[in-house]
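> Turn this into a model:
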Amino acid sequence: MQARLTNRTVKALKPKSRAYDVRDTEIKGFLIRVRPSANMTYLLQYRNDQGMQRHYKIGSVGTITPVQARDIAERKAAEVAGGQDIQADRKRTREENDAEIACFAAPMAGMDKGWASGYALMDELFVELQAENT
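Below is the predicted model of the structure:
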């Protein structure tokens, strides 16, 4: 099914026994997926440089409006047109954030023994990080 994704269009969508997509008529790859549970998600479908089809989750209905989703879809579609793999970028950012969080896991675990042990571990970590950067 194809339609311009507007507030009116989104409100009119009803769940079916199987998930289905409604594609926007203006932005290539912009769609909304309607699941049987009535959850609806805005997605941008694209192909990366290797020709693999990807789905980039923009947001859920109720969290963002169709206008906001459309703006994001336009920006991300431009990035894809510029050769970026936006899903791979998101994954890489998530992995970097996880690594940063992991750096502080040990000091935070030490906090149950009192603030002093946690601060001591943090000091050791900062010394190590400074040594790596010099």
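> Looks to me like Ile27 is in a strand.
No. Going by DSSP: H, G, I helix; E, B strand; the rest coil, the assignment for Ile27 is coil, not a strand.
> State the distance from it to Ala73.
For Ile27, the distance to Ala73 (C-beta to C-beta, to the nearest Å) stands at 5 Å. From N, CA and C alone the C-beta is placed, and that goes for glycine too.
> Which one of those two is surrounded by more residues?
Ala73 (24 against 17; other C-beta atoms under 10 Å).
> and the residue lying closest to the more buried one once chain neighbours are set aside, how many neighbours does it have?
Take Ala73 and drop its neighbours on the chain: the residue closest to it by C-beta to C-beta, 6 or more residues apart in numbering is Phe30, 4.1 Å away. Around Phe30 sit 25 other residues, with neighbours defined as other C-beta under 10 Å.
> Run through the bridge partners of Phe30.
Leu44 (DSSP bridges).
> pretty sure it contacts Leu5?
Yes. The criterion here is C-beta atoms under 8 Å, and Phe30 meets it with Leu5 at 6.8 Å.
> Spit out the residues that contact the two alike.
With contacts taken as C-beta atoms under 8 Å, 6 or more residues apart in numbering, Phe30 and Leu5 have Asp24, Tyr42, Ala69, Arg70 as neighbours in common.
> My read is that the second one contacts Gly62, right?
Read it as Tyr42. No. Counting by C-beta under 8 Å, Tyr42 stays clear of Gly62, with 10.9 Å between them.
> Noted, bye for now.
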